[in-house]
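J.: Here you go, sequence then predicted model.
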Amino acid sequence: MKPHRLTLVNALMIGYGLDKQIHQIYNPPPASRAELLGYHDKDYIDFLSRYVLYLHMDLELTAFLAPTH
């Protein structure tokens, strides 16, 4: 989902008081590559894999270069 949609859904749930009626939240395990390929195109999964790796490397570099006080 898109972040804006998540914000809207969250606001609606709170607005209708549904957040007070939820007693248990189901946290599914991460999907395997095979499960993702059952729904998404291989090129899309490959792109996301490269992009996530790039973000991870960028965050590590940013943390390494950050000044410490």
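T.: Received, thanks.

J.: In the protein, what helix or strand scores lowest on average pLDDT?
T.: Lowest mean confidence among the helices and strands of the chain (mean pLDDT, DSSP states H and E): helix 42-65, at a mean of 77.

J.: average pLDDT across the one helix or strand residue 10 maps to?
T.: Using DSSP states H and E, residue 10 sits within helix 3-15. Mean pLDDT, helix 3-15: 89.

J.: With just CA atoms, put that helix into PDB.
T.: Listed next in PDB are the C-alpha coordinates belonging to helix 3-15 (Å, rounded to 0.1, in the frame of the first residue of the first chain):
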ATOM      1  CA  PRO A   3       1.900   5.600   2.700                       C
ATOM      2  CA  HIS A   4      -0.900   8.100   2.000                       C
ATOM      3  CA  ARG A   5      -3.500   5.300   1.900                       C
ATOM      4  CA  LEU A   6      -2.100   3.900   5.100                       C
ATOM      5  CA  THR A   7      -2.500   7.300   6.700                       C
ATOM      6  CA  LEU A   8      -6.100   7.600   5.500                       C
ATOM      7  CA  VAL A   9      -7.000   4.000   6.700                       C
ATOM      8  CA  ASN A  10      -5.400   4.700  10.100                       C
ATOM      9  CA  ALA A  11      -7.400   8.000  10.400                       C
ATOM     10  CA  LEU A  12     -10.600   6.200   9.500                       C
ATOM     11  CA  MET A  13     -10.000   3.400  12.000                       C
ATOM     12  CA  ILE A  14      -9.300   5.800  14.800                       C
ATOM     13  CA  GLY A  15     -12.300   8.000  13.700                       C
END
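
J.: Okay, buried residues for the helix or strand immediately after that helix in the chain please.
T.: Scanning forward in sequence from helix 3-15 by DSSP H and E, the next helix or strand is helix 33-37. Residues residue 36 are the ones in helix 33-37 that count as buried (16 or more other CB atoms under 10 Å). No exception for glycine: its C-beta is placed from N, CA and C like everyone else's.

J.: other SSEs contacting helix 33-37?
T.: On a contact count with 3 or more CB pairs under 8 Å, 6 or more residues apart in numbering; DSSP states H and E, helix 33-37 meets helix 42-65.
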